[in-house]
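Novice: this one's sequence-less:
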């Protein structure tokens, strides 16, 4: 296995999420693959909120640490630097979706929308979800333009 960004640039880090030197941490590892940075991490049962469901705080740590390393790597590449810039997360938000396995449905609270076909969604087929998000974004942008026109 190749060396992760964390192991290469911060081997003494004790960050709970991604610090290689934290014996009790999650040990999230981020790897450069072409233009992308991908994360590697395996959930263990003691990270579950209840059987089969990962604790939300762990999800937050995964998103925070990997996003930070991804941003730092891209900033380093853009600057042509040999070392990563110091980065911290200023803010991020997570919107939770509800999975309803008995009814084969995903409910997105932001969209006030339900999607069926959980197996397909969980296998990565997100086309329907992304289309719904794009439609919501377009409607919000159009509403903002209409409000701006009304103000004139």
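Specialist: Now that the structure is in, tell me what you want to look at. On a predicted model such as this, the values are computed, not experimentally measured, just so you know.
Novice: What lies in contact with the host helix or strand of residue 30?
Specialist: Using DSSP states H and E, residue 30 maps to strand 29-33. With C-beta atoms under 8 Å, 6 or more residues apart in numbering as the test, strand 29-33 has contacts from 2, 4-7, 18, 37-41, 65-66, 69-70, 73. Heads up, the C-betas are built off the backbone N, CA and C, glycines and all.
Novice: Going by distance to residue 112, which of those wins?
Specialist: Nearest to residue 112 among the contacts of strand 29-33 is residue 66, at 29.2 Å by C-beta to C-beta.
Novice: Can you say which helix or strand has the closest residue to that closest one other than its chain neighbours in it?
Specialist: Closest residue in space to residue 66, ignoring its immediate chain neighbours: residue 39 at 4.2 Å, by C-beta to C-beta, 6 or more residues apart in numbering. Per DSSP H and E: residue 39 is located in strand 36-40.
Novice: now the strands for this structure?
Specialist: Along the chain, counting by DSSP state E, strands occupy 29-33, 36-40, 48-50, 53-54, 97-100, 105-108, 113-116.
Novice: Would you convert the ones you listed into JSON lines that also reports mean pLDDT and distance to residue 81?
Specialist: Output for the strands of the chain, formatted as JSON lines (pLDDT from 0 to 100; distance: least, C-beta to C-beta, whole Å):
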{"stretch": "strand 29-33", "mean pLDDT": "94", "distance to residue 81": "14"}
{"stretch": "strand 36-40", "mean pLDDT": "92", "distance to residue 81": "16"}
{"stretch": "strand 48-50", "mean pLDDT": "86", "distance to residue 81": "39"}
{"stretch": "strand 53-54", "mean pLDDT": "82", "distance to residue 81": "34"}
{"stretch": "strand 97-100", "mean pLDDT": "65", "distance to residue 81": "37"}
{"stretch": "strand 105-108", "mean pLDDT": "73", "distance to residue 81": "39"}
{"stretch": "strand 113-116", "mean pLDDT": "76", "distance to residue 81": "42"}
